[in-house]
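>>> return atomic coordinates for the entry below.
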Amino acid sequence: MPIDATEFDEYLQFANELADAAAGAILPHFRAGSGAENKSAHGFDPVTAADRGAERVMRALIRARYPHHGILGEEEGAQAGDGLTWVLDPIDGTKAFLLGLPLWGTLIALNDGTRPVLGLMNQPFTRERFVGTAHCAWNGGHVLHTRPCAQLANAHVMCTSPDIFDPAQRIAFDAVASRARLLRYGGDCYAYCMLASGLVDAVIEAGLQPWDVQALVPIIEGAGGVITAWDGGDVQHGGTVLACGDRRLHAQLVSELADASAWARGAHPVKAKLKCPLSAK
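The predicted structure follows:
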């Protein structure tokens, strides 16, 4: 659905209102020793009262202001709309939230029916708000720019956890990430915002959901970066994610992840325990 400039400015202001409301629901719980429920029968996928409260307050505001808009949220699912959809992750990085680490954020995206056109990541504890459109990204009064980095050997690479990969993806990831100048785990949405800020060169992940990634797409692209699936395809529906600040590095990693993935998935189970030849490049 086309959005004119006046409407876009209105939606941008409203996204900020959503972020403020979510912050009010979340901050009283941060570093307060609040518990969590486990949503997963396999592993630990926590949800807190802060997650649920923040999504509820954002949904209520959207329904009141734009009753015909769709909503897709992590905690309460999908509500169909007229072509515009608000995509919400009240706390991306709930595990960090539980540990008292400020490496989490509220993700808010507006999807026009074809792609996310507005993205916001709010970290109310550190008072940082990263916003992106197709043409620009900023944090407060600071315009964001990714930095040049053409080669993996010079790159700072981040990933939330090596546990997010299936066995073949883990082999491919290790083959690539082991050749980076610096590899750091943790960060969730914060890692992507550091990429947009010119401090990280690549984020490589898998198993993401639409609400995990849609708000980050305009932030990365608005800062001059590129964010796709590992094969270079559309990332808005989740799955594998490759974000880079430099298109030359992105092209290199798309090629090398494809080669390493093909090797890993074609490997005999015994062979799969061996080191991928690409990691020796």
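>>> can we go C-alpha only for contacts and neighbour counts from here?
Noted.
>>> and Arg129, what helix or strand is that in?
Assessed by DSSP states H and E, Arg129 sits inside strand 128-132.
>>> partners of that strand, with directions?
For strand 128-132, sheet partners with direction are given as strand 116-123 (antiparallel), strand 137-139 (antiparallel), following DSSP bridges.
>>> most packed of these?
A comparison of these by mean neighbour count, using mean count of other C-alpha atoms under 10 Å, puts strand 116-123 on top with a mean of 26.
>>> tell me the spacing between the residue nearest in space to the middle of the chain and Leu18.
Closest residue to the average C-alpha location of the chain: Val213 at 3.7 Å, with C-alpha atoms, centre = their mean. To Leu18, Val213 is 18 Å away according to C-alpha to C-alpha, to the nearest Å.
>>> and the helix or strand bottoming out on mean pLDDT in the chain, how far out from the chain's middle?
For the chain, using mean pLDDT, DSSP states H and E, the weakest element among its helices and strands is strand 37-38, scoring a mean of 80. The gap between the average C-alpha position of strand 37-38 and the chain average comes to 22 Å, counting by C-alpha atoms, centre = their mean, to the nearest Å.
>>> now do stretch 210-229
Using C-alpha atoms, centre = their mean, the distance from the centre of stretch 210-229 to the centre of the chain it belongs to is 7 Å.
>>> output that stretch as PDB - backbone C-alpha positions only.
Output of stretch 210-229 as PDB, limited to C-alpha atoms (Å, rounded to 0.1, in the frame of the first residue of the first chain):
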ATOM      1  CA  PRO A 210       9.600 -11.900  11.100                       C
ATOM      2  CA  TRP A 211       9.300  -9.800  14.300                       C
ATOM      3  CA  ASP A 212      13.000 -10.400  15.000                       C
ATOM      4  CA  VAL A 213      14.200  -8.800  11.800                       C
ATOM      5  CA  GLN A 214      11.600  -6.500  10.100                       C
ATOM      6  CA  ALA A 215      12.400  -3.400  12.200                       C
ATOM      7  CA  LEU A 216      16.100  -3.900  11.500                       C
ATOM      8  CA  VAL A 217      15.800  -3.900   7.700                       C
ATOM      9  CA  PRO A 218      15.200  -0.200   7.300                       C
ATOM     10  CA  ILE A 219      17.800   0.700  10.000                       C
ATOM     11  CA  ILE A 220      20.500  -1.300   8.200                       C
ATOM     12  CA  GLU A 221      19.500  -0.200   4.700                       C
ATOM     13  CA  GLY A 222      19.000   3.400   5.800                       C
ATOM     14  CA  ALA A 223      22.600   3.400   7.200                       C
ATOM     15  CA  GLY A 224      24.000   2.200   3.900                       C
ATOM     16  CA  GLY A 225      24.200  -1.600   4.600                       C
ATOM     17  CA  VAL A 226      22.500  -4.600   3.200                       C
ATOM     18  CA  ILE A 227      20.500  -7.300   5.000                       C
ATOM     19  CA  THR A 228      19.300 -10.500   3.300                       C
ATOM     20  CA  ALA A 229      18.900 -14.200   3.800                       C
END
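>>> state the helix or strand in which Thr240 lies.
strand 239-244.
>>> and whichever helix or strand comes after that strand, which residues are buried?
Toward the C-terminal end, the helix or strand that comes next after strand 239-244 (DSSP H and E) is helix 247-265. Within helix 247-265, the residues that qualify as buried are Arg247, Leu249, His250, Leu253, Val254, Glu256, Leu257, Asp259, Ala260, Ser261, Trp263, Ala264, counting by 16 or more other C-alpha atoms under 10 Å.
>>> over to stretch 66-86?
Of the residues in stretch 66-86, His68, His69, Gly70, Ile71, Leu72, Gly73, Glu74, Glu75, Gly81, Leu84, Thr85, Trp86 count as buried by neighbour count, 16+ other C-alpha under 10 Å.
>>> got the contact list for it?
Surrounding stretch 66-86, the residues in contact under the criterion C-alpha atoms under 8 Å, 6 or more residues apart in numbering are 1, 51-52, 55, 59, 62-63, 87-90, 108-113, 211.
>>> tell me the mean pLDDT over that stretch?
Mean per-residue pLDDT for stretch 66-86: 92.
>>> what does stretch 173-193 give?
In the prediction, stretch 173-193 has an average pLDDT of 96.
>>> offset the numbering so it begins at 22, please.
I'll keep to 22 as the first residue from here, and by that count the last item is stretch 194-214.
>>> what segments of the stretch 122-271 of the chain are helices?
Here the stretch 122-271 of the chain has its helices, by DSSP state H, counting those that start in this stretch, at 188-198, 210-217, 231-234, 237-243, 268-286.
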